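1. Return atomic coordinates for the entry below.
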Amino acid sequence: MRQVWITGHGGPDKLQVREVSDPVPQGDEVRIRVKASGVNFADIMARRGLYPDAPKLPCVVGYEVSGTVDAVGPAVPQEWIGHDVLALTHFGGYADTVIAPQAHVFEKPPSLIHEQGAALPVNYLTAWQLLVVMGGLKADETVLIHNAGGGVGLAAIDIARHVGATIYGTASECKHAFLKERGLHAAIDYTQTDWGPAVDQLTGGRGVELIIDPLGGSHWKKSYQALRPTGRLGMFGVSTTTQSHLPGPLKFLPMVAGLPWFNPIPLMNQNRAVFGVNLGHLWDEVSKLRNWMETLLRGIDEGWVRPHVDRTFPLAQAGEAHAYIEARQNIGKVVLTV
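-> Numbers count the residues shown, from 1 in each chain. Sure, this is the predicted structure:
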């Protein structure tokens, strides 16, 4: 089988295709011949040496795939063979063949092509945890989605639209028309204006009930200040570290220097809450993940979950896919195809 390996920390040129032997499923494992693999910002962080959860180099990253089951372990019913599925993969997803535990494998809805299937698991599970499970978003509330044009951002728009909330988002101006078609009520061009006063104007100075923020550092402080009483801040990334020109782990220094300190007393006095989300640390919470995923799969049939693939790249062009995302050209998901 073919896999895309990170051969060293650095630019997209550090991604290399290698041939290895096909894996053999054991126990409760399922083998999937991959048709499409999702690309996530965590993969880019791993390539740059900024993702502490990544395997030791050289390694294969990738958290989600869509494809067809062609073999199963002895603890899995043979009926799975031939089924089109989606799967969460704890790394190893940049490949034309993967092994995954049956508990992390789901039937692909017939209405989705494989590219859309690979756009669903990570982004929508993350957005569901942020908005519904921990964010508690309600129909009479307002949510601010930072990086609304990204994969999690589009998933969050779908979910907030389903909830019935008012949806604001930050994104560059060229993405605004598309995002409004998807359900955004107001778009803020963070490249040309300070989004803080823009949110004040939109809310009459009251602030918003929920903010989801993948930026990190001082941006979290600013997001916290934009919360209304009973507001919640959901943090799920530190993408600003990639903008630092410092070498290696030193890239984290500017982000750490700008981090807010959340003291319980001001939290109580201001009636606000903060929480963090890292889907990669929930692999053992099988019942939760399956429950959330089953809700989202029903959302496909009901029409409110709409995975959007911005662009596909062949597996061998994973480096180009990374560069495309790093240039912030994508609206929604970027997918590798086999």
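
2. Only C-alpha atoms from now on, for both contacts and neighbour counts.
-> Noted.

3. mind checking how far Arg161 is from Leu137?
-> Arg161 sits at a distance of 11 Å from Leu137 (criterion: Cα to Cα, to the nearest Å).

4. Could you check which of these two has the larger neighbour count?
-> Using other Cα atoms under 10 Å, the more surrounded residue of Arg161 and Leu137 is Leu137, with 22 against 19.

5. what are the phi and psi angles of the closest residue to the more buried one other than its chain neighbours?
-> Excluding the flanking residues, the one nearest Leu137 by Cα to Cα, 6 or more residues apart in numbering is Leu131, at 5.6 Å. Leu131 adopts backbone torsions of phi -90, psi -40, taken as degrees, to the nearest 10.

6. just for this structure, where's the confidence low?
-> Scanning the chain for pLDDT under 70 picks out 238-259.

7. If we use 80, what do you get?
-> Applying pLDDT under 80 to the chain picks out residues 217, 237-262.

8. Show me it divided up by domain.
-> Domain assignment for the chain by automatic domain parsing gives 2-120+307-337, 123-279.

9. got a markdown table for the ones you listed, with distance to Trp292 too?
-> Listed next are the domains of the chain as a markdown table, based on distance: least, Cα to Cα, whole Å:
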| stretch | distance to Trp292 |
| --- | --- |
| domain 2-120+307-337 | 12 |
| domain 123-279 | 7 |
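
10. Specify the local secondary structure of Ser66.
-> strand (DSSP: H, G, I helix; E, B strand; the rest coil).

11. what about it, how many neighbours?
-> 32.

12. if we can go back for a sec, could you look over the domains of the chain and pick the most buried one?
-> Neighbour counts (mean count of other Cα atoms under 10 Å) averaged over each of those peak at domain 2-120+307-337, with a mean of 20.

13. ok, so what distance separates Gln78 from Glu29?
-> Counting by Cα to Cα, the gap from Gln78 to Glu29 is 12 Å.

14. Pull up the overlap in contacts between those two.
-> Contact with both Gln78 and Glu29 is made by residues Val72, according to Cα atoms under 8 Å, 6 or more residues apart in numbering.

15. The stretch 101-250 of the chain: strands as residue ranges?
-> With strands called from DSSP state E, counting those that start in this stretch, the stretch 101-250 of the chain shows them at 105-107, 142-145, 166-170, 186-188, 208-213, 227-235.

16. Is it correct that Ile331 is in contact with Lys175?
-> Yes: at 7.1 Å, Ile331 and Lys175 qualify as touching, with contact defined as Cα atoms under 8 Å.

17. hey, what's in contact with both of those two?
-> Gly149.

18. which ones are touching the closest residue to Ala323 other than its chain neighbours?
-> Nearest non-adjacent residue to Ala323, counting by Cα to Cα, 6+ apart: Pro12, 6.5 Å away. If you count contacts by Cα under 8 Å, 6+ apart, Pro12 has them with Arg47, Ala318, Gly319, Glu320, His322, Ala323.

19. Need the three-state assignment for Ile265.
-> Recorded secondary structure, Ile265: helix (three-state DSSP).

20. What's the separation between the residue nearest to Ala198 when sequence neighbours are not counted and Gln329?
-> Computed as Cα to Cα, 6+ apart, the closest residue to Ala198 that is not its neighbour in sequence is Ile188, at 7.1 Å. Distance of Ile188 to Gln329, computed by Cα to Cα: 17 Å.
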